[in-house]
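Q: Fold the following.
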Amino acid sequence: MKKLIAITGTLCLMLLTMTMTTRQGMTATQEAEILGRVVVFVNEGCHYCQAFDREIAKAYPKTDIGQHLPMVRVDTFDPPKEYAVLAKEMCFTPTILVLDSSGVERARF
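A: Residues are numbered from 1 along each chain as shown. Take a look at the predicted model:
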């Protein structure tokens, strides 16, 4: 759990840095198009994924960062077509990817 908290802190710091470069007056959708998104790969039976959902994912949309950089939750066993290739690469869950607006991976936790 300590590792999950440390990873979350690092992720939040990185996302905060990214959102500081956004322009004022833009809608969240416009900013998301510029910034990208956070993709969290999970498995339903994963206890760490359940802890992530309970302690982090639930609160994330209510944060300033969450309003600027949307989080997408992807089940590695049943991913949407858009994330199928990435889901096959996941060895551990939860795995958090930060993708830019072009879909290029910028960070992995």
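Q: The helix or strand where Q67 lies: what's the following helix or strand?
A: Using DSSP states H and E, Q67 falls within helix 64-68. Sequence order places strand 71-75 as the next helix or strand after helix 64-68, per DSSP H and E.
Q: give me the number of residues near A57?
A: 18 (other Cβ atoms under 10 Å). Every residue, glycine included, has its C-beta placed from N, CA and C.
Q: Likewise for P61?
A: Using other Cβ under 10 Å, the number of residues around P61 comes to 11.
Q: Show me where the chain has its helices.
A: Along the chain, the stretches classed as helices by DSSP state H are 2-19, 28-35, 47-52, 64-68, 84-89.
Q: Pull out the buried positions in the helix holding Q67.
A: Residues of helix 64-68 classed as buried: 65-66, 68 (neighbour count, 16 or more other Cβ atoms under 10 Å).
Q: Likewise for stretch 90-99?
A: With the criterion 16+ other Cβ under 10 Å, stretch 90-99 contains buried residues 90, 93-99.
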